[in-house]
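Q: The sequence and its predicted three-dimensional model are supplied below.
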Amino acid sequence: MVYLSLGSNIGDKDRNLRVAISEIEQQIGTVVSQSAFLFTAPWGFDSENSFLNACVGVDTSLSPEQLLDVCQKIEKTMGRTRKSGRMRTADGVEKAVYHDRIIDIDILLYDTLEITTPRLTIPHPLMHCRRFVLEPLDEIAHDVKIPGTDMSVGEMLSALPANS
């Protein structure tokens with residue numbers, strides 16, 4: 001079982017999420033759970049466009065690396081042209097750079113695996129500080145334990161400050 005986070009903040013956001021979920025069903029595996037869609041403010045960058053976010057639970061036979069490749073292929077097919085990246089500020093600090101996007105698909109959890117490679121980190125390294133991820137994930141995976149922690153999704157959401 002894998003849990004994916006989906007977000008869209010340009011174009012027909014509702015349609016974008018529905019198309020992405022359909023593509024996930026066709027290319028990744030059976031979508032066994034889906035959260036409601038949640039409107040949220042941009043996180044980590046300024047934009048006039050709000051996001052529509054959701055999470056899905058998917059039964060898949062793909063390996064984590066194959067899953068990443070297919071998620072990125074779906075994003076590209078749907079029109080995503082730029083991935084988030086990193087930049088170094090003038091004082092030498094590295095920071096994330098985010099952009100508006102038609103679709104973003106992040107791998108949050110893959111069974112009980114913990115993976116850290118140059119391409120992929122599971123559990124998602126920033127999920128613990130993103131309410132827009134944890135709220136919809138809690139809807140479909142409240143009691144799921146997050147590998148590497150002693151917390152369930154519900155407990156992690158409860159520990160998150162209200163303004164996150």
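A: Everything's here; your move. Remember, predicted model here, so these are calculated numbers, not experimental data. Residues are numbered from 1 along each chain as shown.
Q: Low-confidence stretches in this protein?
A: The model of the chain has pLDDT under 70 over residues 42-47, 80, 82-99, 164.
Q: Now do the helices in this structure.
A: Along the chain, counting by DSSP state H, helices occupy 13-27, 64-77, 131-141, 153-159.
Q: Just name the most buried of those helices.
A: When you average the neighbours per residue for each of those (mean count of other CB atoms under 10 Å), helix 131-141 leads with a mean of 22. Backbone N, C-alpha and C define where each C-beta goes, glycine included.
Q: The longest strand belonging to the chain packs against which elements?
A: When the chain is parsed with DSSP state E, its longest strand is strand 51-60. Packing partners of strand 51-60 (3 or more CB pairs under 8 Å, 6 or more residues apart in numbering; DSSP states H and E): strand 2-8, helix 13-27, strand 29-34, strand 38-40, helix 131-141.
Q: Among these, which comes closest to residue 106?
A: strand 2-8 (4.4 Å; CB to CB).
Q: Now do that closest one and helix 13-27, the angle between them.
A: Relative orientation of strand 2-8 and helix 13-27, computed by axes from the mean of the first three to the mean of the last three CA atoms, to 10 degrees: 150 degrees.
Q: buried ones in the longest strand of the chain?
A: 51-58, 60 (16 or more other CB atoms under 10 Å).
Q: roughly how far out does that strand sit from the chain middle?
A: Strand 51-60 has its C-alpha centroid displaced from the chain centroid by 7 Å (CA atoms, centre = their mean, to the nearest Å).
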